[in-house]
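[1] Okay, here's the prediction I keep looking at, along with the sequence it came from:
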Amino acid sequence: MALISGRAMAASLGVLALCLGMTALGRGAGESYAVFLLPLSGDLGWDRSSATSVYSIFMAATGFFAPLAGYLFDRFGGRLVYAVGLAALGAGYFAAGSLSELWHFQLSIGVFCGFGAALIGLAPAQAVVSRWFDKGLATALAMTYGGLGVGTLIMAPLAEYLIAERGWRLAYEWYASVFALLCLFVLFLPWGRIAEGADGNPRRYSRSLGKSGPTLRAALKIPAFWMFFVIFFVTAMSIYGVSLQSVAYLVSEGMSERQAAFAFGTAGMLSFFGMTLTGMAADRFGHRIVATGSYGLTVIAIGALYLLPSDRTGTLLVVYIVCFGLSMGARGPIITTLMARRFSGSGIGAILGAANFGQGIGAAFGAFLSGFLFDLSGGYGTGFAVCTAAAIIGAGLFWAVGADNPD
């Protein structure tokens with residue numbers, strides 16, 4: 001019996017590692033654009049709002065295609081979804097290495113890579129993890145969301161190194177080759193077993209059991225779904241309106257591009273621990289209290305970043321890195337846990353994907369708005385203020401969404 005339990009645990013952890021790794025690749029590909037921002041702007045003569053529009057389209061596409069990713073996973077399984085997603089990322093990055101027009105980048109990095117990131121991202125991963133974990137689901141989902149931090153930690157400094165050594169064009173082509181190799185790898189994984197989940201899990205799914213639980217169409221008629229959607233939107237707006245500008249902002253305050261990329265990557269690393277600790281705390285102390293504390297860290301981080309020019313000790317930089325890193329993405333696992341319990345069934349992939357659309361368009365809006373406000377005002381203060389307000393709204397909505405356990 002212990003042997004069976006050990007094998008089941010190993011299988012669960014293996015699936016969790018796979019989902020974390022794929023999420024890291026998809027989101028790391030997007031987050032590393034913060035490092036490409038200044039080289040592309042300088043080389044191709046773009047203003048800040050034009051440069052940020054590429055990232056905005058990427059995030060919008062990631063959100064827009066998230067419901068499709070969930071639906072395709074529910075309908076066809078992981079083999080097709082993950083292989084196509086990695087192929088799209090590889091194609092988009094390979095094309096970007098030889099492009100020069102803004103709309104070409106908006107299409108390749110924005111639309112193509114956004115589509116690929118959605119297919120290997122949170123929508124299918126959330127559905128899989130919810131079928132393999134029951135008690136401690138928030139912790140497991142938090143580790144899956146931690147792929148954002150792991151991807152940022154690895155891909156942002158690596159992008160900076162490749163750009164410095166070989167230029168941004170070859171950096172894009174190098175990443176494309178990695179995605180192509182991984183596309184071949186996922187074709188040979190046992191996706192039928194992965195999609196079913198663990199024995200005894202109330203959210204386990206088998207095609208032989210037929211359809212169960214609410215469909216996406218039914219979920220769209222429930223007010224709670226739209227509350228979760230709006231929380232995703234304002235939370236993503238508060239984070240991505242700051243994160244995309246952070247490397248450029250730190251450079252403007254006297255840091256080298258390598259130092260700024262390292263600071264950004266460190267915050268990304270801390271986000272993995274922040275998401276994991278937040279998930280564990282939510283399982284123990286309740287979702288709303290923990291989420292509120294996390295929003296508080298976001299507000300403190302933005303304030304520290306804004307006041308950075310007045311600090312010569314480096315203290316505020318540390319406060320920004322720690323608070324922003326620990327809160328970045330930390331609300332996502334809590335929202336997903338509540339949704340997985342309320343909307344569990346054969347349609348969970350599509351439902352979670354539709355909710356993640358709110359995250360995608362919130363991130364896109366926040367990223368574009370921060371660039372627009374920078375061009376309009378010549379500074380970062382207005383954009384930081386808007387992102388702070390969005391975080392406060394998100395905290396308030398968490399208290400309005402209902403009890404910690406919606407069952």
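    Structure's in. What do you need? Numbering: from 1, shown residues only.

[2] The helix or strand hosting S243 packs against which elements?
    When secondary structure is defined using DSSP states H and E, the element that contains S243 is helix 223-252. Under the contact criterion of 3 or more Cβ pairs under 8 Å, 6 or more residues apart in numbering; DSSP states H and E, helix 223-252 touches helix 33-44, helix 48-76, helix 257-285, helix 287-306, helix 315-327, helix 331-342, helix 348-377, helix 381-400. The way it works is simple: take the backbone N, C-alpha and C, and place the C-beta from them, glycine included.

[3] Adding mean neighbour count, distance to A125 and mean pLDDT, write those out as JSON lines.
    Formatted as JSON lines, the entries for the helices and strands packed on helix 223-252 read as follows, by neighbours: other Cβ atoms under 10 Å; distance: least, Cβ to Cβ, whole Å; pLDDT from 0 to 100:
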{"stretch": "helix 33-44", "mean neighbour count": "20", "distance to A125": "21", "mean pLDDT": "84"}
{"stretch": "helix 48-76", "mean neighbour count": "24", "distance to A125": "9", "mean pLDDT": "84"}
{"stretch": "helix 257-285", "mean neighbour count": "22", "distance to A125": "13", "mean pLDDT": "79"}
{"stretch": "helix 287-306", "mean neighbour count": "21", "distance to A125": "20", "mean pLDDT": "91"}
{"stretch": "helix 315-327", "mean neighbour count": "22", "distance to A125": "21", "mean pLDDT": "91"}
{"stretch": "helix 331-342", "mean neighbour count": "25", "distance to A125": "10", "mean pLDDT": "80"}
{"stretch": "helix 348-377", "mean neighbour count": "25", "distance to A125": "9", "mean pLDDT": "83"}
{"stretch": "helix 381-400", "mean neighbour count": "18", "distance to A125": "22", "mean pLDDT": "90"}
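
[4] Now distance to G90 too, for those, in JSON lines please.
    Output for these, formatted as JSON lines (distance: least, Cβ to Cβ, whole Å):
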{"stretch": "helix 33-44", "distance to G90": "16"}
{"stretch": "helix 48-76", "distance to G90": "15"}
{"stretch": "helix 257-285", "distance to G90": "22"}
{"stretch": "helix 287-306", "distance to G90": "33"}
{"stretch": "helix 315-327", "distance to G90": "29"}
{"stretch": "helix 331-342", "distance to G90": "26"}
{"stretch": "helix 348-377", "distance to G90": "21"}
{"stretch": "helix 381-400", "distance to G90": "32"}
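
[5] and G121, which of those helices is closest to it?
    When these are compared for distance to G121 using Cβ to Cβ, the nearest one is helix 48-76, at 6.6 Å.

[6] that older thread, which among the helices and strands packed on helix 223-252 is found nearest to E160?
    Shortest separation from E160 across the helices and strands packed on helix 223-252 is recorded for helix 257-285, at 4.0 Å, computed as Cβ to Cβ.

[7] what about V186, how many residues close to it?
    As a burial measure, V186 scores 20 neighbours (other Cβ atoms under 10 Å).

[8] cool, and the one 10 residues further on?
    By the measure other Cβ under 10 Å, the count of residues near E196 is 18.

[9] what's the spacing between it and V35?
    Using Cβ to Cβ, to the nearest Å, one gets 39 Å for the distance from E196 to V35.

[10] now F384
    Distance of F384 to V35, computed by Cβ to Cβ: 21 Å.

[11] Check V319 too.
    Spatial separation of V319 from V35 under the definition Cβ to Cβ is 23 Å.

[12] re the thing from before, and the helix holding S243, what's buried?
    By neighbour count on 16 or more other Cβ atoms under 10 Å, the buried set for helix 223-252 is 225, 227-251.

[13] ditto for stretch 124-136
    Neighbour counts using 16+ other Cβ under 10 Å place 124-133 of stretch 124-136 among the buried residues.

[14] between those, which is nearest L20?
    Here the nearest of those to L20, counting by Cβ to Cβ, is A125; it sits at 7.9 Å.

[15] Apart from its chain neighbours, what residue comes closest to that closest one?
    Sequence neighbours aside, C19 is the residue nearest to A125 in space, at 3.9 Å (criterion: Cβ to Cβ, 6 or more residues apart in numbering).

[16] What strand or helix carries that neighbour?
    Counting by DSSP H and E, the element that carries C19 is helix 2-31.

[17] If you count neighbours, what's buried in that helix?
    With burial defined by 16+ other Cβ under 10 Å, the residues of helix 2-31 counted as buried are 12, 15-16, 18-31.

[18] can you map out the helices along the stretch 101-250 of the chain?
    Remark: helices of the stretch 101-250 of the chain, listed N- to C-terminal, are 102-105, 113-119, 122-132, 137-145, 147-166, 168-186, 191-196, 216-219, 223-252; assignment by DSSP state H, counting those that start in this stretch.
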